[in-house]
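J.: Got a sequence here, can you build the structure:
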Amino acid sequence: MKYRIFFYQLTYFLFLCSCSNQKQVESISLLKHQTINLGENFIGYGGFLAFCQDHVIGLEMSSSMQPFFCIRLDSLSQTPFRFGNKGQGPNDFLRPLSIQYINNQTVGTFDIMSKIYSEFDIPNENEELKIDKKIRFQAQLTQIIKTAHNQYIGLSFDKGMFLLADSIGMPIDTYFEYPYQNDNERQLTIRSNAYQGMLAANPSKNKFVYASFRGEIIHFYAIENTGIKTIAKIENAYPVYKKRNDGEEGVMLGSKGKFGYIATYATEKFVYAIFSGRTVLEQSQITNFEGKRLRIFDWNGVPVKEYELDVPCSYLCVSDDDRKIWAVASNPDITLVSFDLETAIENKPDGELQKIRDLVEGKSFGSKAVHYVIEVQTENGQDDGAQKRLLDSIKSQLPDSSSNNILDIKRIYPDADIQIDTLASNIKKMRITLKETNK
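T.: Next comes the predicted model:
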């Protein structure tokens with residue numbers, strides 16, 4: 001029998017922002033782009049990007065263009081070339097929707113229409129694309145990442161948020177559930193449609209990030225050989241939506257709801273995320289989903305730096321040394337640009353980062369709500385002694401609590417919100433939300 005207990009404060013980022021009216025935590029700098037010479041080529045809609053040693057590989061969402069483009073960074077011209085075919089042939093693609101670095105020569109991509117994950121070496125210009133690996137998934141997934149354990153994690157449309165599959169695509173288990181802001185929303189089986197987003201793994205493939213296209217939600221996870229573990233979650237705003245009334249599946253978005261993270265990319269040290277913040281009504285006036293706010297987090301979920309981009313961008317990738325970023329931008333036509341990030345991470349001293357970590361990990365209460373998450377792994381036939389040890393562990397994480405059971409916690413903190421999720425047959429998650437306190 002084993003207990004795994006940890007807690008985090010989901011609202012620390014809101015807390016930092018709430019202080020900005022009195023004292024700015026750190027000014028937001030303007031990050032200026034450099035235009036990449038495309039030569040005779042051009043970008044249609046563009047798509048997700050990946051950095052792969054001396055290459056930037058990109059997807060092309062335009063149905064009339066080849067599915068991939070590539071920039072060789074070690075060439076003199078650095079003009080992109082296109083490769084691959086769209087169709088239903090053995091080496092063709094219908095609608096590739098994600099791309100991932102696998103090694104210095106290989107990338108992986110998931111085709112949402114065919115449900116096939118493919119791996120291939122980056123071809124030379126005018127060379128035919130040859131697919132080395134194909135795996136077909138049966139579940140309805142929108143994103144797939146490969147892990148360091150030769151397994152796959154997919155973003156699901158079912159109640160379980162993540163599907164973990166083995167090396168040949170067979171399901172192993174599902175993990176967690178989609179976010180929700182209250183019990184009423186938690187009962188909605190359609191909410192997976194509202195919380196769709198993207199996954200991005202670090203090059204070592206032992207950590208990944210989930211970010212929602214709507215609201216203001218980003219999660220950080222560690223990938224273990226036995227499953228997925230939560231590192232941190234930031235949930236500052238939730239999607240505004242309701243069930244469709246035309247009998248079709250899916251949701252209808254409220255005009256005041258906001259679009260969130262447009263694109264994310266992960267390196268070994270940091271997570272980069274482009275944030276929109278436009279309302280659904282504002283977005284309806286614009287063709288492309290894009291944003292001008294670049295947020296940089298470390299893998300503990302701590303904000304490191306925030307930039308205002310001088311051109312709106314919709315996709316990005318970052319060099320392994322965190323010095324340079326490439327993006328698909330509107331300038332005003334869709335094109336490729338780069339940003340110099342050599343000094344981006346140095347602008348916040350290590351001491352300042354440690355202060356933020358202390359705030360996040362400490363037991364002080366200064367924000368509007370504090371979330372405790374306790375994961376409990378038990379075996380069948382849990383005895384009373386095990387239950388008491390669990391409650392003692394919970395008590396040690398709560399301020400001024402001498403309670404012996406959950407009901408006593410609720411009595412002492414009548415405004416507390418206690419939710420228990422079943423993650424798997426032997427793992428339960430308890431979230432305890434306390435209101436503001438003077439402690």
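
J.: contacts and neighbour counts: CA atoms only from here.
T.: OK.

J.: Would you check that residue 69 makes contact with residue 79?
T.: No: contact between residue 69 and residue 79 fails when scored by C-alpha atoms under 8 Å: they sit 10.0 Å apart.

J.: Comparing these two, which residue is more hemmed in?
T.: With neighbours defined as other C-alpha atoms under 10 Å, residue 69 and residue 79 compare such that residue 69 has more, 22 against 17.

J.: Which residue, neighbours along the chain excluded, lies closest to the more buried one?
T.: Distance criterion C-alpha to C-alpha, 6 or more residues apart in numbering; nearest residue to residue 69, sequence neighbours excluded, is residue 82 at 4.2 Å.

J.: contacting residues around that neighbour?
T.: Taking C-alpha atoms under 8 Å, 6 or more residues apart in numbering, we find residue 82 in contact with 66, 67, 68, 69, 70, 125.

J.: Reformat those into CSV and put pLDDT next to each item.
T.: Written out in CSV, the entries for the contacts of residue 82 read as follows (pLDDT from 0 to 100):
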residue, pLDDT
66, 94
67, 95
68, 95
69, 94
70, 93
125, 90
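
J.: what two of these have the greatest distance between them?
T.: Distance extremes for those: the farthest pair is 67 and 125 at 14.3 Å, using C-alpha to C-alpha.

J.: what about those two, which has more around it?
T.: residue 67 (24 against 14).

J.: residues touching the more buried one, list them.
T.: With contacts defined as C-alpha under 8 Å, 6+ apart, the neighbours of residue 67 are 59, 60, 61, 82, 83, 84, 85, 86, 93, 95, 96.

J.: Which two among those are spaced furthest apart?
T.: Using C-alpha to C-alpha, the two most remote members of those are 82 and 95, lying 15.6 Å apart.

J.: Report the contact partners of the closest residue to residue 58 other than its chain neighbours.
T.: For residue 58, ignoring the flanking residues on the chain, the nearest one in space by C-alpha to C-alpha, 6+ apart is residue 49 at 4.3 Å. Contacts of residue 49 were listed using C-alpha under 8 Å, 6+ apart, and they are 56, 57, 58, 59, 99, 315, 316, 317, 327.

J.: One more: residue 44?
T.: Taking C-alpha under 8 Å, 6+ apart as the definition of contact, the neighbours of residue 44 are 60, 61, 62, 65, 334.

J.: what do you get if the cut-off is 6 Å, keeping everything else the same?
T.: Contact partners of residue 44, counting by C-alpha atoms under 6 Å, 6 or more residues apart in numbering, are residue 62.

J.: now it: how far from residue 90?
T.: 25 Å (C-alpha to C-alpha, to the nearest Å).

J.: swap in residue 248?
T.: Counting by C-alpha to C-alpha, the gap between residue 248 and residue 90 amounts to 33 Å.

J.: need the helices for the stretch 51-200 of the chain, in chain order.
T.: 183-186, 191-194 (DSSP state H, counting those that start in this stretch).

J.: Now do the same for the last one: mean pLDDT, whole number.
T.: Computed over helix 191-194, the mean pLDDT rounds to 92.

J.: can you list contacts of that helix?
T.: Around helix 191-194, the neighbours that count as contacts under C-alpha under 6 Å, 6+ apart are 157, 250.

J.: Of all the residues in that helix, which ones are buried?
T.: Neighbour-count burial for helix 191-194, counted by 16 or more other C-alpha atoms under 10 Å, picks out 191, 192, 193, 194.

J.: Check stretch 307-324 too.
T.: Applying a neighbour-count criterion of 16+ other C-alpha under 10 Å, the buried positions in stretch 307-324 are 307-309, 311-320, 322, 324.

J.: what does stretch 85-93 give?
T.: Neighbour-count burial for stretch 85-93, with 16+ other C-alpha under 10 Å as criterion, is recorded at 85, 86, 91, 92, 93.

J.: How about the last one, nearest residue that isn't a chain neighbour?
T.: Setting aside the residues directly before and after it, residue 93 is nearest to residue 86 in space (C-alpha to C-alpha, 6+ apart), at 4.7 Å.

J.: Show the contacting residues for that neighbour.
T.: Taking C-alpha under 6 Å, 6+ apart as the definition, contacts of residue 86 comprise 92, 93, 94.

J.: now the stretch 251-400 of the chain, which segments are flagged as low pLDDT?
T.: When the per-residue scores of the stretch 251-400 of the chain are filtered using pLDDT under 70, the ranges that remain are 283-288, 343-400.

J.: how does it look with 90?
T.: For the stretch 251-400 of the chain, applying pLDDT under 90 flags the ranges 251-259, 277-290, 330-333, 341-400.

J.: Tell me where it has helices.
T.: Along the stretch 251-400 of the chain, counting by DSSP H, counting those that start in this stretch, helices occupy 280-283, 350-361, 384-397.

J.: picking that back up, for the residue nearest to residue 93, give its distance to residue 110.
T.: In this structure, residue 86 lies at 14 Å from residue 110, with C-alpha to C-alpha as the measure.

J.: for residue 173, same thing?
T.: If you measure residue 173 against residue 110 using C-alpha to C-alpha, the figure is 20 Å.

J.: Just give the number of residues close to residue 281.
T.: Using other C-alpha under 10 Å: residue 281 sits among 14 other residues.

J.: I should have written residue 251 there, sorry.
T.: Number of residues near residue 251 (other C-alpha under 10 Å) recorded here: 17.

J.: Report the contact partners of it.
T.: Remark: with contacts taken as C-alpha under 6 Å, 6+ apart, residue 251 is in contact with 242, 243, 244.

J.: For the stretch 1-150 of the chain, give me the ranges with low pLDDT.
T.: Short version for the stretch 1-150 of the chain, where the test is pLDDT under 90: 1-30, 35-45, 53-54, 62-64, 72-80, 88-91, 104-105.
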